[in-house]
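> One predicted model, sequence on top.
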Amino acid sequence: MNRVLENEFYYLDNFQGVLDWIGQRYDDLLTDEERTFIAAFPALPQPARALFVRMVMRKGTLFRASKLRYAEIGCPVEAARQLLGTGWIEHDPVISLDELFELLSKPEIAAAFGAHLQYKSARKAEQLEALRAGFAEGRAFSAWYRDGDDLALRIHVKPLCDRLRLIFFGNLRQDWTEFVLSDLGLFRYEQVEFSSASRGFRDRADIDHYLLLHACKERFAEGIEPADDIVRDLPEHAFHNDWLESRREKLLFQIGQHHEKHKDWDNAHALYARCRFQGARGRAIRVLEKAERYSEAWELLCVAQDAPESDAERQHLLRIGPRLARRLGHPKTIARRIEPVRIDVSLPMPQGDWWVEGVVREHLACAGAPVFYVENVLANALFGLLCWRAVFAAIPGAFFHPFHRGPADLYSPDFAQRRAAEFADCLAQLDDGRYRATVMAHFVEKAGIASPFVAWDYLDSGLIELALDCIPAAHLKKWCERILADVKENRTGFPDLIQFWPDERRYHMIEVKGPGDRLQDNQLRWIDYCATHGMPVSVCYLQWEQAA
């Protein structure tokens, strides 16, 4: 925290750092406007640059100088005057009545409109509606608020700064606060070496495509216009940039789900059929069934059965296949699965604060066999700690700025394939015994560094060591292999509890279900997998004892 407090212009240094980074790595992708901005910015006086960055970091494009007072900047009006020649901001801009109401307080509105304001005690929204008819034309802020001594400023280059932020981060989700949180020590990131090929955007078209996709995504989220209009604005053909293409396909999938929700089977199927997003084929079969196009659904199901894209799709096919077979008069098939051990527990309902998993944990725990609520945390952490160097391998396109919580291609189908040698070395440690030292070393060396697999707040060395003592290496290897097979789907679904018997070097996983609760699909898949490979797993069904 001291670093931020000692340097009052930390935010300005961070902004300049982004400009330098972009200038060094992306100069060939920049427009003339962006290049000119990057060159001109550092030549301005420090107060002007600081005020500009403060405006960039705040929401909106319209500000009052009185609200931009910062001790390190000094007079905001003087700092703004030094920016005038750039064209990046405007003094005393023409603003609408709506914009004026965003800037003024109720007493200031009363002072500005005087007799024109019939009900001074009314809410601002009501006052605004009452004044619209008589004040439809925009005017300068000083003309609206004649008796005020304040100055309005409008920043015109927010879109340019957003594009630069996009080029740096590779997304518009992360913003300038990433630097602040990092400087404060609240977030720490793995330091990855960047190669010349480590760029999120390869050419200017990639940037334009991202902005187009983002605009379409925002329009879809607003839910105002017909979804078909948004689809028409999406590029028909796949992008050559894989991670951009995955964004395009995900949006098509989401719009397909929208049509499916509204029982528009034909449009839903059309979108599912044209995108390769994971799960789209299974949804396409489902909507064909809903549309009573059974033969087409069966044909697509047979194709999927020959090469399921994931365990999730295989599970979906096993569920939908018998229904379609029955509809078409095909022979009935029976899907067999290994039933996990069942534990039935009847307990009195506790008083005060409680949660179902906690109640079962306390019931099962004993002196020689502690029980921990771990859900997805423990298995993911063991994988993430063992495979840390593979996950953060500096391969082209995986990392392209210093604030990655994980590789950009984490959910790509070829995530493991692109790092095959690195992951093979990590998993080999489970065969020769090196894995324990690696896991514990990374737990110490990497403590607190952001990882897509390690939730530091829920871990301690005692739990990790106990898991390494009691879980056989062969079982850990099977967990790792399944996570790698489909990172997005297989990071979740692990049983809630794990019980250890340290003296016997063994463990048991327990999924807890309260009254009326049932197993979810991802939980069923993990339970099936563990049972198939001889891992101790059970499902505990809790019922409350009836009062006498």
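Nice, I can see it.
> Pull the residues that contact stretch 160-169.
For stretch 160-169, the external contacting residues (C-beta atoms under 8 Å, 6 or more residues apart in numbering) are 18-19, 21-22, 26, 29-30, 33-34, 37-38, 56, 172, 174-176, 178, 200-201, 207, 210-211, 401, 403. To be clear about C-beta, it is placed using only N, CA and C from the backbone, and glycine gets the same treatment.
> what does the helix or strand harbouring Arg247 rub up against?
Assessed by DSSP states H and E, Arg247 sits inside helix 242-261. Identification of contacts with helix 242-261 by C-beta under 8 Å, 6+ apart yields 200, 206, 209-210, 213, 216-217, 220, 227, 230-231, 234-235, 238-239, 265, 267-269, 271-272, 274-277, 279-280, 283, 286-287, 290, 397, 408-409, 411-412.
> so the next helix or strand after that helix versus helix 242-261, what angle?
Sequence-wise, the next helix or strand downstream of helix 242-261 (DSSP H and E) is helix 265-274. Here helix 265-274 points in a direction 160 degrees away from that of helix 242-261 (axes from the mean of the first three to the mean of the last three C-alpha atoms, to 10 degrees).
> Show me what helix 265-274 is packed against.
Using 3 or more C-beta pairs under 8 Å, 6 or more residues apart in numbering; DSSP states H and E, the elements in contact with helix 265-274 are helix 227-233, helix 242-261, helix 280-290.
> give the contact list for Leu347.
Leu347 touches 359, 363, 542-545, counting by C-beta under 8 Å, 6+ apart.
> Out of the residues you listed, which end up buried?
Neighbour-count burial (16 or more other C-beta atoms under 10 Å) applied to the contacts of Leu347 gives 359, 542.
> Grab the most central residue of this protein for me.
The residue lying closest to the centre of the chain (C-alpha atoms, centre = their mean) is Arg173, at 8.2 Å.
> Regarding that one, what is its secondary structure?
Classification of Arg173 using DSSP: H, G, I helix; E, B strand; the rest coil returns coil.
> Could you list the buried residues of the helix holding Arg247?
Buried, per 16+ other C-beta under 10 Å, within helix 242-261: 243-260.
> Over to stretch 152-160?
Neighbour counts using 16+ other C-beta under 10 Å place 152-155, 157, 160 of stretch 152-160 among the buried residues.
> Identify the residue with the minimum pLDDT among the contacts of Leu347.
Across those, the smallest pLDDT goes to Glu545, namely 89.
> The stretch 301-450 of the chain: helices as residue ranges?
311-328, 356-364, 377-386, 388-391, 420-432, 435-445 (DSSP state H, counting those that start in this stretch).
> Let me fix that, I meant to ask about the stretch 1-150 of the chain.
Using DSSP H, counting those that start in this stretch, helices in the stretch 1-150 of the chain cover 2-6, 10-25, 32-40, 46-57, 76-81, 97-103, 106-113, 124-131, 141-144.
> for the stretch 51-200 of the chain, which spans come out with low pLDDT?
181, 183-185 (pLDDT under 70).
> try 90
107, 110-124, 130, 132-134, 146-149, 170-171, 173-188, 192-200 (pLDDT under 90).
> go on, the stretch 251-400 of the chain?
Looking at the stretch 251-400 of the chain by pLDDT under 90, you get 310-311, 331-341, 349-353, 394-400.
> okay if I get the buried residues of stretch 152-160 as CSV plus secondary structure and distance to Ile73?
Formatted as CSV, these follow (DSSP: H, G, I helix; E, B strand; the rest coil; distance: C-beta to C-beta, whole Å):
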residue, secondary structure, distance to Ile73
Ala152, strand, 18
Leu153, strand, 13
Arg154, strand, 18
Ile155, strand, 15
Val157, coil, 19
Leu160, helix, 22
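> Looking at those, which two lie furthest apart in space?
Across the buried residues of stretch 152-160, no pair lies farther apart than Ala152 and Leu160, at 20.8 Å, counting by C-beta to C-beta.
> Output stretch 250-262 in PDB with nothing but the alpha carbons.
Extracted in PDB, the C-alpha atoms of stretch 250-262 (Å, rounded to 0.1, in the frame of the first residue of the first chain):
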ATOM      1  CA  LYS A 250     -20.400 -18.100 -27.700                       C
ATOM      2  CA  LEU A 251     -22.600 -15.100 -28.700                       C
ATOM      3  CA  LEU A 252     -24.300 -17.200 -31.400                       C
ATOM      4  CA  PHE A 253     -24.900 -19.900 -28.800                       C
ATOM      5  CA  GLN A 254     -26.400 -17.500 -26.300                       C
ATOM      6  CA  ILE A 255     -28.700 -16.000 -28.900                       C
ATOM      7  CA  GLY A 256     -29.700 -19.600 -29.800                       C
ATOM      8  CA  GLN A 257     -30.500 -20.200 -26.100                       C
ATOM      9  CA  HIS A 258     -32.700 -17.000 -26.300                       C
ATOM     10  CA  HIS A 259     -34.700 -18.400 -29.200                       C
ATOM     11  CA  GLU A 260     -34.900 -21.800 -27.500                       C
ATOM     12  CA  LYS A 261     -36.300 -20.200 -24.300                       C
ATOM     13  CA  HIS A 262     -39.000 -18.500 -26.400                       C
END
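> Could you verify that Tyr507 is part of a strand?
Yes: using three-state DSSP, the secondary structure at Tyr507 is a strand.
> confidence score at the residue nearest to it when sequence neighbours are not counted?
Using C-beta to C-beta, 6 or more residues apart in numbering and skipping residues adjacent in sequence, the residue nearest Tyr507 is Cys470, 4.3 Å away. Model confidence at Cys470, given as pLDDT, is 98.
> burial of Cys470, as a residue count?
Using other C-beta atoms under 10 Å, Cys470 has 19 other residues around it.
> now Ser346
10.
> Give me the phi and psi angles of the closest residue in space to it that isn't next to it in sequence.
Nearest non-adjacent residue to Ser346, counting by C-beta to C-beta, 6+ apart: Gln543, 4.9 Å away. Here is the backbone geometry of Gln543 (degrees, to the nearest 10): phi -120, psi 150.
> My guess is Gln543 contacts Val345. True?
Yes: contact criterion C-beta atoms under 8 Å: Gln543 and Val345 qualify, at 7.2 Å.
> picking that back up, show me what contacts the residue nearest to Tyr507?
Applying C-beta under 8 Å, 6+ apart, we find Cys470 in contact with 500-502, 505-507.
> got TSV for those residues, with neighbour count too?
Converted to TSV, the contacts of Cys470 look like this (neighbours: other C-beta atoms under 10 Å):
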residue	neighbour count
Phe500	21
Trp501	15
Pro502	14
Arg505	11
Arg506	15
Tyr507	20
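> Quick check: closest non-adjacent residue to Pro396.
Ala197 (3.6 Å).
> I figured that neighbour was touching Ala398, is that so?
No: counting by C-beta under 8 Å, Ala197 stays clear of Ala398, with 9.9 Å between them.
> who's more crowded, these two?
Neighbours were counted for Ala197 and for Ala398 using other C-beta under 10 Å; Ala398 has more, 26 against 12.
> related to what we said a few turns ago, which one of the contacts of Leu347 is nearest Leu466?
Of all the contacts of Leu347, Leu466 sits closest to His363, with 19.9 Å by C-beta to C-beta.
> show me the contacts for the closest one.
The contact partners of His363, taken as C-beta under 8 Å, 6+ apart, are 345, 347.
> any idea how far it is from Ala136?
Going from His363 to Ala136 by C-beta to C-beta, to the nearest Å gives 70 Å.
> Then Phe179?
When Phe179 is compared with Ala136 (using C-beta to C-beta), they lie 43 Å apart.
> Counting neighbours, go ahead and name the busier of the two.
Legend: neighbour count by other C-beta under 10 Å for Phe179 and Ala136, higher for Phe179 (22 against 9).
> what about the more buried one, is that helix, strand or coil?
With three-state DSSP as the basis, Phe179 sits in helix.
> Please name the nearest non-neighbouring residue to it.
Nearest one to Phe179, counting by C-beta to C-beta, 6+ apart, is Asn14 at 3.8 Å.
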